[in-house]
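Engineer: when you get a sec, could you give me coordinates for this:
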Amino acid sequence: MADFTMLGTNGTIVLFVMVSLLGIVIGSFLNVCIYRIPKKEDIAVERSHCMHCGHVLQWYELIPLFSFLIQGGKCRSCKKKISWQYPIVEALNGLLWVAVVLVHGLKWESILFCLCASVLIVITVIDERTMEIPFGCNVFIAVLGVARVIIDYPHWYEYVIGFFTVSLFFLLIVWVTKGRGMGGGDVKLMAAAGLLLGWKAIILAMMIGCVLGSVIHICKMIFNKKKEHVLAFGPYLCAGIYLTILFGDPIISWYLSLFQI
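Structural biologist: Below you'll find the predicted structure:
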């Protein structure tokens, strides 16, 4: 946990309220990305509209969380229900941002980690639906990784090694299984995340993602009882990356302490 005593109680409360509100606002944009990226639609120029009737939304219909609640989860024009995905993604992004700042404090790395958390949400939802990880999302995380290298330049080699550590292993799996065991998007994701987190953290992220994927997927197979079980690995890797962002340092320190004499 980061130390916020210098801000005082009121200052700390104001900080986290601001972080959560900013995260919620960015979460609204994430919904745009989740809907438009798979459709190859513009995410910056085209105005937001109802997916059912095409009604162009006014500014008071775009207030994160509140517009959904005030309108009863329905479009003002056609009265059809709006997916709960929208408020959930907005609220989730706010919570993830608050957790990052709570753990890492007010640092440049916190900004990078918050932005990464947002991209991980987009990847998770899109990959779960389409079995594809958007290339642009991986590029964005890689850009964050470059920024991390610049910020922590004395340890640049840890991040460069992290770029290759897990991604090369995943690439080998893709080559051996001829693409049936893993997708190229997973390889690129771990390369970009490795550049952001460093080699030790990305190995931990991979391990967490593999454990989560195995346990949850087995549970799905048992309860769904389907003959074909295709695993979207991206969401579990994203969970592993985010959990490593929060808890990676103490876990790695604890593990390395086991080998100290």
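Engineer: domain-wise, how is this protein divided?
Structural biologist: Listed domain ranges for the chain are 1-105, 107-261 (source: automatic domain parsing).
Engineer: in CSV, list these along with mean neighbour count and mean pLDDT.
Structural biologist: (Each C-beta comes from the backbone N, C-alpha and C, glycine too.) Formatted as CSV, these follow (neighbours: other C-beta atoms under 10 Å; pLDDT from 0 to 100):
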stretch, mean neighbour count, mean pLDDT
domain 1-105, 15, 86
domain 107-261, 18, 93
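Engineer: isn't A239 right up against M206?
Structural biologist: No. Using C-beta atoms under 8 Å, A239 is not in contact with M206; the gap is 11.5 Å.
Engineer: contacts only, for V98.
Structural biologist: Counting by C-beta atoms under 8 Å, 6 or more residues apart in numbering, V98 touches 16, 19-20, 23.
Engineer: which other helices and strands does the top helix by length along the chain contact?
Structural biologist: When the chain is parsed with DSSP state H, its longest helix is helix 8-36. Using 3 or more C-beta pairs under 8 Å, 6 or more residues apart in numbering; DSSP states H and E, the elements in contact with helix 8-36 are helix 85-104, helix 108-130.
Engineer: which one of those lies closest to V211?
Structural biologist: For the helices and strands packed on helix 8-36, the distance to V211 is smallest for helix 108-130, at 16.7 Å, taking C-beta to C-beta.
Engineer: which other helices and strands contact the closest one?
Structural biologist: Taking 3+ C-beta pairs under 8 Å, 6+ apart as contact, the helices and strands that helix 108-130 lies on are helix 8-36, helix 85-104, helix 135-151, helix 184-197, helix 234-257.
Engineer: any chance of those helices in JSON lines, with distance to V125 too?
Structural biologist: JSON lines is the format used below for the helices and strands packed on helix 108-130 (distance: least, C-beta to C-beta, whole Å):
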{"stretch": "helix 8-36", "distance to V125": "5"}
{"stretch": "helix 85-104", "distance to V125": "7"}
{"stretch": "helix 135-151", "distance to V125": "11"}
{"stretch": "helix 184-197", "distance to V125": "14"}
{"stretch": "helix 234-257", "distance to V125": "8"}
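Engineer: which residues touch stretch 240-250?
Structural biologist: Contact with stretch 240-250 is made by 96, 99-100, 103, 113, 116-117, 120, 193, 197, 200-202, 204-210, 212, 251, as judged by C-beta under 8 Å, 6+ apart.
Engineer: and for stretch 131-145?
Structural biologist: The contact list for stretch 131-145, computed with C-beta under 8 Å, 6+ apart, reads 37-38, 112, 115-116, 119, 122-123, 126-127, 159, 163, 183, 185-186, 188-189, 191-196, 230, 232, 234.
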